[in-house]
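K.L.:
I'll drop the sequence and a predicted model, then ask my questions.
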Amino acid sequence: MSRIGQMPITVPSGVDVTVDGANVTVKGSKGELSRRFHDKVKVSVTDDEASVTRGDDSREARALHGLTRALLANMVTGVSEGFKRELEIQGVGYRASLKGRDIELLVGFSHPVQVSAPEGIAFEVPEPTKITVTGIDKEKVGQVAANIRDIRPPEPYKGKGIRYVDEYVRRKAGKAGTAL
């Protein structure tokens, strides 16, 4: 029994959820998201609630039940509020700047690194050492933030690199050295 899958999704006012077979489209003030779900689960919409039910108790249907509910809840949240992921840059001389819709990173390479914003994603650089990735698709926002972090992940000795704001980087001791 999926506890997450059984929970109903409250649809806020201004958000429209339409179901066409396995295709579900969610429209809101921030945009529109559409996704095709598996045939083993059914999405039904009432006035201000959406619910997900499964056809049988097979292992695959049980697994898809909670997944479908979570994906649908993320779609509703995305078109009404949106998602954002914050990154911070640490290191002497490391910084980011906004160039149109794209960002330019100076993170210790011999050249600046350009990161272009995919469709539906926006970048903000409130400070030279902070980057905010925003969008309505949670999956895409997280993936773009992970791609930016992979350009220069934090290293364990000095902590230099690009990290999430809430990320803890475990530090290592350097060389102990030998005394003669």
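P.N.:
Yep, that arrived. Numbers count the residues shown, from 1 in each chain.
K.L.:
please, where are all the helices along the protein?
P.N.:
Remark: helices assigned in the chain by DSSP state H are 3-6, 59-80, 138-151.
K.L.:
any idea of the mean pLDDT in the last one?
P.N.:
Meaning helix 138-151. Averaging pLDDT along helix 138-151 yields 96.
K.L.:
now swap in stretch 116-132 and tell me
P.N.:
For stretch 116-132, the mean pLDDT works out to 95.
K.L.:
okay, buried residues for that stretch please.
P.N.:
117, 120-121, 123, 125, 131 (16 or more other Cβ atoms under 10 Å). For glycine as for every other residue, the C-beta is placed from the backbone atoms N, C-alpha and C.
K.L.:
now it, how far from the chain's geometric center?
P.N.:
Mean-position distance between stretch 116-132 and its chain equals 13 Å (Cα atoms, centre = their mean, to the nearest Å).
K.L.:
start to end distance for that stretch?
P.N.:
In terms of Cα to Cα, to the nearest Å, the two terminal residues of stretch 116-132 are separated by 14 Å.
K.L.:
thinking again about what came up before, of the helices of the chain, flag the one that's most buried.
P.N.:
Highest mean neighbour count among these (mean count of other Cβ atoms under 10 Å): helix 59-80, with a mean of 19.
K.L.:
quick check: domain ranges of this protein?
P.N.:
Domain segmentation of the chain under automatic domain parsing yields 3-80, 83-164.
K.L.:
now render the ones you listed as TSV, adding distance to Ala176.
P.N.:
Listed next are the domains of the chain as TSV, based on distance: least, Cβ to Cβ, whole Å:
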stretch	distance to Ala176
domain 3-80	47
domain 83-164	13
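K.L.:
mean pLDDT lowest for which of these?
P.N.:
It's domain 3-80: among those, that one has the lowest mean pLDDT, namely a mean of 92.
K.L.:
how long is it from one end to the other?
P.N.:
Domain 3-80 has an end-to-end distance of 24 Å (Cα to Cα).
K.L.:
next: stretch 75-91.
P.N.:
36 Å.
K.L.:
with distance to Lys158 added, can I get the helices of the chain in a markdown table?
P.N.:
Below are the helices of the chain laid out as a markdown table (distance: least, Cβ to Cβ, whole Å):
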| stretch | distance to Lys158 |
| --- | --- |
| helix 3-6 | 41 |
| helix 59-80 | 36 |
| helix 138-151 | 17 |
